[in-house]
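>>> Provided below for reference: sequence and predicted model.
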Amino acid sequence: MSKDKRCLITNDVETTSILNHKLRDKTGEYVLKQGMPRLIDLYDKYEVKATFFFTGHIARLYPNVVRMAYEHGHEVGSHGLTHEVSKAFDVLSPEEQLSHLRQSKQILEDIIGEEVVSFRAPAARVDKGFPKILAEAGFKIDSSVSSQRLDMMFSFGALKKLNWLTAPRKAYFTQSDNIFRKGDSMVLEAPISAMGFPYIGTFMRIAPALNRCTRQMLYWETLCNGRQFVFLTHPNEFIDEERETTEIERRASNYISYLLGDVLRHKLKVKNLGEKALPIYERELAFFQRRGFDFVTCKELYNLKIK
């Protein structure tokens, strides 16, 4: 049995309004005043050092949302320049990908005065050749792959996410031309935990009991092989905002994607939002604390791997 028990708590910070199913700048204010403070307080209680991935857009609008995480000792990472579906990394050209990476990195580094080396793509959408571009932009760690996760048909970029099915489960250095394969590049992939079902905040809120079963199975795997936990959540899951409209914005071009990625996904994702999500999440953090896990950031995991 392995004695390595590490948990990476990761947070994607953006202006997505889950309740209103769209990007809106006002949601960023709720993230600043409600979502981030609620998470920071919870992490302080359980002595968690987390990684926060910020879009360049929310960082420009509300730089204090970045400073809040940094000043509490958490790692600041990049979540790209924008969370717009039309500008996902798996549809941008290599030149556009590099530009977005460099811009987002610079925005964050100007705010905290420290190098930013960790990245997660919006909606976890990347293509095979992404490690080369990450390295060129100065990133060392990615956390956009979710090995053996099976719900990709409910999200955008589903065809490329099929590569998750055969990706390694433990953190691995990627091939320079294939982010889904182990290789000899200097880009470390820290896969988002999944066991068929994803181990993420959304699933935690939608089906708490089933999420606990998923977590238990992942825990047994960790005891056997030392695979690290990588939990993903969002500060906007812990805000209480107003509903603007009952209409569901259509972001997908074809009707099937609209039904699965927009309509059905939205109806599921609004369950247990805001303060109601906090006690559910606290039970997850308490689980890791009771079992003696080390809470580490993406950057700390990278440093452990290169020793």
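Sure thing, it's come through. Numbers count the residues shown, from 1 in each chain.
>>> any low-confidence regions in the stretch 101-250 of the chain?
Segments of the stretch 101-250 of the chain classed as low confidence (criterion: pLDDT under 70) are 153-154, 156, 245-250.
>>> all helices for it, in order.
Taking DSSP state H, counting those that start in this stretch, the helices of the stretch 101-250 of the chain run over residues 130-137, 158-161, 201-206, 208-225.
>>> using a markdown table, lay out the ones you listed together with mean neighbour count and distance to Gln175.
From N, CA and C alone the C-beta is placed, and that goes for glycine too. As requested, the helices of the stretch 101-250 of the chain are exported to a markdown table (neighbours: other CB atoms under 10 Å; distance: least, CB to CB, whole Å):
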| stretch | mean neighbour count | distance to Gln175 |
| --- | --- | --- |
| helix 130-137 | 22 | 7 |
| helix 158-161 | 16 | 16 |
| helix 201-206 | 22 | 29 |
| helix 208-225 | 15 | 22 |
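>>> may I see those arranged in a markdown table, with distance to Lys45 as well?
Formatted as a markdown table, those follow (distance: least, CB to CB, whole Å):
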| stretch | distance to Lys45 |
| --- | --- |
| helix 130-137 | 34 |
| helix 158-161 | 34 |
| helix 201-206 | 17 |
| helix 208-225 | 19 |
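>>> of those, which approaches Ser17 most closely?
Between Ser17 and these, the shortest separation by CB to CB is 14.3 Å, and it involves helix 201-206.
>>> now stretch 216-224 - C-alpha only, PDB.
This file holds the C-alpha atoms of stretch 216-224, laid out as PDB (Å, rounded to 0.1, in the frame of the first residue of the first chain):
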ATOM      1  CA  GLN A 216     -14.800   6.300  -1.700                       C
ATOM      2  CA  MET A 217     -13.900   4.300  -4.800                       C
ATOM      3  CA  LEU A 218     -11.300   6.900  -5.700                       C
ATOM      4  CA  TYR A 219     -10.000   6.700  -2.100                       C
ATOM      5  CA  TRP A 220      -9.500   2.900  -2.300                       C
ATOM      6  CA  GLU A 221      -7.500   3.500  -5.500                       C
ATOM      7  CA  THR A 222      -5.300   6.000  -3.800                       C
ATOM      8  CA  LEU A 223      -4.600   3.600  -1.000                       C
ATOM      9  CA  CYS A 224      -3.400   1.100  -3.700                       C
END
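>>> so how far is it off the chain centroid?
With CA atoms, centre = their mean, to the nearest Å as the basis, the distance from the averaged C-alpha position of stretch 216-224 to the chain average is 21 Å.
>>> go on, stretch 230-244?
Its chain's C-alpha centre lies 13 Å from the corresponding centre of stretch 230-244 when counted by CA atoms, centre = their mean.
>>> how long is that stretch end to end?
Start and end residues of stretch 230-244 are separated by 33 Å (CA to CA, to the nearest Å).
>>> also stretch 228-238?
OK, stretch 228-238 end separation, CA to CA: 25 Å.
>>> again, but for stretch 52-66
End-to-end distance of stretch 52-66: 8 Å, with CA to CA as the criterion.
>>> try stretch 230-242
Separation of the first and last residues of stretch 230-242 by CA to CA is 31 Å.
>>> same deal with stretch 13-25?
12 Å.
>>> element containing the nearest residue to His72 once chain neighbours are set aside, please.
Spatial nearest neighbour of His72, chain neighbours left out: Ile40 (5.3 Å); criterion: CB to CB, 6 or more residues apart in numbering. Using DSSP states H and E, Ile40 falls within helix 36-45.
>>> partners of the lengthiest strand in the chain, with directions?
Selection of the longest strand in the chain by residue count, based on DSSP state E, yields strand 6-13. Note on strand 6-13: by DSSP bridges, its sheet partners are strand 51-54 (parallel), strand 229-233 (parallel), strand 294-295 (parallel).
>>> if we can go back for a sec, and the residue nearest to His72, how many neighbours does it have?
A count of nearby residues for Ile40, using other CB atoms under 10 Å, gives 20.
>>> just checking, it touches Tyr70?
No - distance between Ile40 and Tyr70: 11.0 Å, which falls outside the contact criterion (CB atoms under 8 Å).
>>> closest to Asp151 out of the helices of the stretch 101-250 of the chain?
Judged by CB to CB, the one of these that comes nearest to Asp151 is helix 201-206, at 8.1 Å.
>>> next, count neighbours for the residue lying closest to Gly129 once chain neighbours are set aside.
Closest residue in space to Gly129, ignoring its immediate chain neighbours: Asp177 at 5.4 Å, by CB to CB, 6+ apart. The number of residues packed around Asp177, counting by other CB under 10 Å, is 13.
>>> cool, thanks, talk later.
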